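**Q** return a 3D structure for these sequence lines:
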Amino acid sequence: MFCRACIVQQHACLPLHRIEEWTGSFFWHTTLKSLGMRVQLGQNSGHRCHNPRPSSGNNFVVIDVSGIQEIALDFCGCKSAQIRFKQLLRVHWYPTTTTDLQTAATFNVLEHYHLLSFELKVLAYEFYHSLVRRSDNTELSPIKDRYSAFMHMVREWWHLQQLRRSGRGHDPTSANGTNSGELAVLCLACPHPEKNLPDRWESAPPSIQWLYALFIAIDANFHLKCKAVSSDDIDPGLNAGWAYFVEETKYKNYLSARSGEKQEHSTCVSHNTVNMADTKSARGLAATGVGTVDCACHEFKLPTGVGDLQKGEKYLNMDYFVFSALIGFTVTALNISYDIACQWSKKLWTRMDSMPAHLHVPHDTMQICYFIPKFHIGAHIAACQTMFSWNLARFVGRTDGEAPKHGWANINRVASSTKEMGPGSQRDTLDDHFSDWNWKKVTMFGRTLKRKMEEAVKWKREHCAALDELEATIQPGLLDEWRLEVEAWEEDNTKLNPFDTRVTSITQAAVHAQLVELEAQELEAGNDCSLHADVSPSILISSGIELEDQQQRLKYDITNISLHPTDKQREAITNRTNALQRRIDLWISIQELYMPIVSALRSSLNSTASASEAVLKPQHCHLYLPSSINTHLHCEQQLLQHEWDLRHAQAHDALNEIHSHLHLHSHMYKFKDKNLRGRVSSTRTQNLITRIEVKKDAGVEKYRHARRALESLSGHLDKVGWEVSLQSLRSKDVRPMGDFVGGHTQGTGTISWIWLATGVDTGHTENDCVQDCVQIEWSKARACAARWSEEVQLLLKEMRRVLVFLQWQADWWCEHANLRVLEKPSDQEGLQAYAHHQAALCCVMRGSFQALWSAVLNRTSL
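**A** Numbering: from 1, shown residues only. Sure, this is the predicted structure:
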């Protein structure tokens with residue numbers, strides 16, 4: 001313990017320490033101000049000012065990590081003294097204003113909150129009031145409210161940090177000379193001419209040119225809303241298009257000039273992103289969300305590639321963001337990933353021609369490819385799944401196109417606070433968070449690219465070995481033919497698609513029609529073997545299979561009826577039961593003409609049935625189709641063959657139904673997660689998803705029943721080889737095309753066999769069908785091996801670009817050290833020190849990455 005005079009003397013350089021005073025029986029909180037301490041600015045430590053000027057009201061408030069304190073503050077009033085706000089900055093206190101100085105926040109507390117807002121998404125309100133409670137948790141000593149002042153300081157601090165780290169303080173034009181997107185943190189691995197690309201890269205041969213392509217991904221986020229609580233006039237943004245958000249004035253003028261345009265409807269599946277773009281509710285909102293353009297390979301937000309959405313995800317908005325981001329790049333190849341690329345890419349360049357001139361991109365000499373992200377492509381029609389696939393197109397490596405989605409979980413945590421902000425505050429806040437996201441990606445490049453390379457080398461080796469094994473079983477002549485087809489399709493997607501089956505799928509209805517036609521030909525030739533005037537053998541079997549379906553539906557409805565059904569529900573079930581029983585009775589009477597043995601089988605079954613089983617239950621009636629009769633009992637060969645044909649088609653019908661329901665199920669989940677909020681909307685959609693699941697389960701049971709029948713019939717007819725395309729259906733096989741089990745992905749796992757099964761018509765031989773399946777599997781295996789090989793090449797090139805970019809950035813900072821000349825030598829020395837510090841940081845980071853990658857780089861000539 002010390003006396004009051006000693007405490008004041010010892011804390012001359014520590015004016016914000018918290019002090020406790022011994023009262024004689026306990027310690028009680030007190031302040032240095034109450035002990036008579038005055039804080040002098042503008043003088044070196046230990047020196048007194050001969051002309052001190054007290055702050056306004058003599059109760060200056062300082063916000064620090066230790067709490068919020070009032071101090072007695074004196075500014076230096078000497079003639080040589082700096083302006084007052086600079087005196088505060090000299091001691092690392094940031095003032096809330098430059099004129100009437102009453103409040104400041106320490107650099108320490110601003111930096112502390114800055115990091116907490118990034119890592120924990122702490123709200124300014126929560127942080128400030130935690131400082132209030134740290135200062136006085138009893139509310140016995142009221143603290144002046146400086147929350148609004150703190151908010152202003154935080155926002156200015158964030159903006160100044162972006163300017164400082166981008167080198168604007170070293171430029172003679174200062175902040176006023178900042179160009180669009182200049183404050184953004186760039187992706188070091190993306191191609192940047194004059195920064196990380198070699199000389200004459202534009203003239204590289206096509207086999208290498210693809211390595212200089214730019215990969216971008218487009219998406220929208222409707223969590224990042226903004227309420228209509230202010231306006232751009234009242235709350236303008238500080239960045240003004242200098243970072244990630246587009247410049248607001250030009251953007252709003254563009255939207256106003258084209259406000260009457262309507263969105264074209266989708267010609268693929270019913271994409272709500274396209275069809276509902278004009279109908280999304282915007283009541284009470286200044287913005288319904290944001291659209292972004294990202295680096296598709298490394299998940300960086302691109303400069304001037306972000307903007308507000310006024311309705312849904314309209315082409316009008318997304319086009320602006322894309323072209324605004326692209327004008328900052330000079331590339332000869334461009335790969336674009338978008339959930340609705342199949343629709344959005346149509347008339348894209350026609351739409352660009354009607355946009356402002358500063359957004360025009362020279363695309364005539366650019367090779368442009370469009371893709372659908374791997375997670376979303378399963379919800380598209382079959383044609384889109386090959387035309388826009390990242391897995392099948394060449395020169396794209398293992399890019400998945402889902403980059404924006406990976407960052408939404410991080411930024412969505414601030415959505416609850418940013419939606420209450422004014423438009424300028426929201427844009428500046430999101431800009432700052434996007435910069436932090438990009439910077440963390442920069443610092444992780446060493447580990448990220450190393451991990452990706454190790455994985456790529458491993459899977460390249462395995463998939464190339466698998467491809468070699470497959471090719472060893474195929475005739476060389478066929479391989480040459482197939483290779484030419486694949487290469488032709490890769491050059492021009494309008495040519496014959498090697499990933500599509502050439503064998504026409506058949507349906508149960510088509511087989512039934514063929515059988516009816518065959519019977520008509522036999523009737524015309526006088527070979528009619530029908531035993532009934534109206535029901536031929538094929539109609540008998542087809543009707544029996546239809547009755548089985550009706551039995552299953554009635555079973556399901558009876559099982560799922562409520563415990564206490566209404567009279568109307570009971571009546572409907574009873575009517576359906578009676579109608580089904582009449583149809584079955586009529587069918588059995590005709591069946592006994594063609595299959596006399598079933599009469600004895602039914603008599604035997606009825607004699608052993610109990611009294612309770614005698615109750616009318618047509619849904620449990622055994623129909624005794626040929627497949628359910630033992631092999632030692634006689635059944636007409638023609639009936640067996642008819643059921644085989646119909647069951648074979650029924651199995652393929654069931655698979656097609658499962659495909660359809662899985663597509664719809666996946667699409668509804670994505671639509672629900674992206675567009676619906678609230679209990680009512682979510683409940684309705686969940687009910688619809690449940691109904692889809694029920695239909696999917698019915699399709700699964702239908703397939704399993706058809707396959708059991710085929711197993712039985714194959715014994716009668718000596719059928720072999722059919723199990724290859726119609727395998728046993730397990731629960732884990734019933735999954736969407738892009739859903740992999742065991743932690744695998746599209747490049748490491750295999751898709752379920754249900755997506756590879758192909759129907760076979762009577763116009764193709766067994767050899768044709770087998771060859772078609774093998775060609776498709778070979779094409780996919782070749783594509784997979786090629787993508788992993790490309791991934792290795794692409795990662796090696798990206799590693800080189802990262803190292804070259806860091807060296808360029810270090811040189812850039814050294815050049816800027818003396819670019820701006822200041823009057824005071826101390827200020828000039830400060831500029832030089834910061835520039836050399838940044839240059840050293842780039843060099844150290846480059847050395848760290850190079851050491852991590854040395855094992856890979858030593859094996860490759862970069």
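**Q** hmm, which helix or strand of this protein has the shakiest average pLDDT?
**A** helix 272-275 (a mean of 52; mean pLDDT, DSSP states H and E).
**Q** after the helix or strand containing residue 643, which helix or strand is next?
**A** Secondary structure assignment for residue 643, by DSSP states H and E: helix 637-675. Per DSSP H and E, the first helix or strand lying C-terminal to helix 637-675 is helix 679-717.
**Q** name the residues of that next one that come out as buried.
**A** The neighbour-count check on helix 679-717 (16 or more other Cβ atoms under 10 Å) flags 685, 689, 692, 696, 698-700, 702-703, 705-707, 709-714, 716 as buried. Where you see a C-beta, it was placed from the backbone N, CA and C, and this is true even at glycine.
**Q** check the offset of that helix from the chain's centre.
**A** Distance of helix 679-717 from its chain centroid, counting by Cα atoms, centre = their mean, to the nearest Å, is 29 Å.
**Q** how many residues are close by the nearest residue to residue 218 once chain neighbours are set aside?
**A** Of all residues not flanking residue 218 in the chain, residue 338 sits nearest, at 4.3 Å (Cβ to Cβ, 6 or more residues apart in numbering). Using other Cβ atoms under 10 Å, residue 338 has 26 other residues around it.
**Q** please apply the same query to residue 365.
**A** That count, for residue 365 with other Cβ under 10 Å as the rule, works out to 7.
**Q** same thing with the one 5 residues further on?
**A** Around residue 370 sit 18 other residues, with neighbours defined as other Cβ under 10 Å.
**Q** swap in residue 537?
**A** Residues near residue 537, counting by other Cβ under 10 Å: 21.
**Q** got the phi and psi for it?
**A** Per-residue torsions, residue 537: phi -60, psi -40 (degrees, to the nearest 10).
**Q** bridge partners for residue 336, pull those for me.
**A** Using DSSP bridges, the bridge partners assigned to residue 336 are residue 216, residue 370.
**Q** now the strands for the stretch 51-200 of the chain?
**A** For the stretch 51-200 of the chain, the strands defined by DSSP state E, counting those that start in this stretch cover 52-54, 60-64, 67-76, 93-95, 103-106.
**Q** columns mean pLDDT on top of those, output as CSV?
**A** Shown next, in CSV, are those (pLDDT from 0 to 100):
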stretch, mean pLDDT
strand 52-54, 92
strand 60-64, 96
strand 67-76, 94
strand 93-95, 97
strand 103-106, 97
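**Q** for residue 198, which of those is the nearest?
**A** Residue 198 sits nearest to strand 93-95 of all those, at 44.3 Å, using Cβ to Cβ.
**Q** now for that closest one, which elements pack on it?
**A** In terms of contacts (3 or more Cβ pairs under 8 Å, 6 or more residues apart in numbering; DSSP states H and E), strand 93-95 is packed against helix 84-90, strand 103-106, helix 107-119, helix 147-165.
**Q** which one of these lies closest to residue 16?
**A** Of those, nearest to residue 16 by Cβ to Cβ is strand 103-106, at 7.3 Å.
**Q** and the closest one, what other elements does it pack with?
**A** Counting contacts by 3+ Cβ pairs under 8 Å, 6+ apart, strand 103-106 packs against strand 60-64, strand 93-95, helix 147-165.
**Q** give me the contacts around the helix or strand that comes right after the last one.
**A** If you walk from helix 147-165 toward the C-terminus, the next helix or strand you reach (DSSP H and E) is helix 206-209. Around helix 206-209, the neighbours that count as contacts under Cβ atoms under 8 Å, 6 or more residues apart in numbering are 332, 333.
**Q** now do the helix holding residue 643, average pLDDT.
**A** Helix 637-675 shows a mean pLDDT of 77 in the predicted model.
**Q** confidence score at the residue nearest the centre of the chain?
**A** Nearest residue to the geometric centre of the chain (Cα atoms, centre = their mean): residue 405, 2.8 Å. Per-residue confidence (pLDDT) for residue 405: 91.
**Q** next one: the one 4 residues further on
**A** Reading off the confidence values, residue 409 has pLDDT 92.
**Q** helix, strand or coil: sort out it for me.
**A** Using DSSP: H, G, I helix; E, B strand; the rest coil, the structure places residue 409 in helix.
**Q** how many residues are close by it?
**A** For residue 409, the neighbour count with other Cβ under 10 Å is 8.
**Q** circling back: list the residues that contact the residue nearest to residue 218.
**A** So residue 338 contacts 217, 218, 219, 318, 344, 345, 370, 371, 372, 373 (Cβ under 8 Å, 6+ apart).
**Q** any idea how far residue 348 is from it?
**A** 10 Å (Cβ to Cβ, to the nearest Å).
**Q** residue 625 now?
**A** 56 Å.
**Q** more neighbours: the two, which one.
**A** Shown here are residue 625 and residue 348; by other Cβ under 10 Å, residue 625 has more neighbours (25 against 17).
**Q** thought the more buried one was touching residue 545?
**A** Yes. Assessed by Cβ atoms under 8 Å, residue 625 is found in contact with residue 545 at 7.3 Å.
**Q** common neighbours of those two, please.
**A** Listed as contacting both residue 625 and residue 545 by Cβ under 8 Å, 6+ apart are residue 643.
**Q** circling back to that earlier point, for the next helix or strand after the least confident helix or strand of the chain, which strands pair with it and how are they oriented?
**A** Downstream of helix 272-275, the first helix or strand assigned by DSSP H and E is strand 285-287. Strand pairing for strand 285-287, using DSSP bridges, gives strand 226-227 (antiparallel).
**Q** quick check: mean pLDDT of whatever helix or strand comes next after the partner strand?
**A** As assigned by DSSP H and E, the chain's next helix or strand after strand 226-227 is helix 248-257. In this model, helix 248-257 carries a mean pLDDT of 94.
**Q** flag every buried residue along helix 248-257.
**A** 248, 250, 251, 254, 255.
**Q** then stretch 253-271?
**A** Neighbour-count burial for stretch 253-271, counted by 16+ other Cβ under 10 Å, picks out 254, 255, 263, 266, 268, 271.
**Q** taking the contacts of residue 338 one by one, which sit in strands?
**A** Judged by DSSP state E, strands contain the following of the contacts of residue 338: 217, 218, 219, 370, 371.
**Q** which of those residues sits closest to residue 60?
**A** Taking these together and measuring to residue 60 by Cβ to Cβ, the closest member is residue 219, at 47.7 Å.
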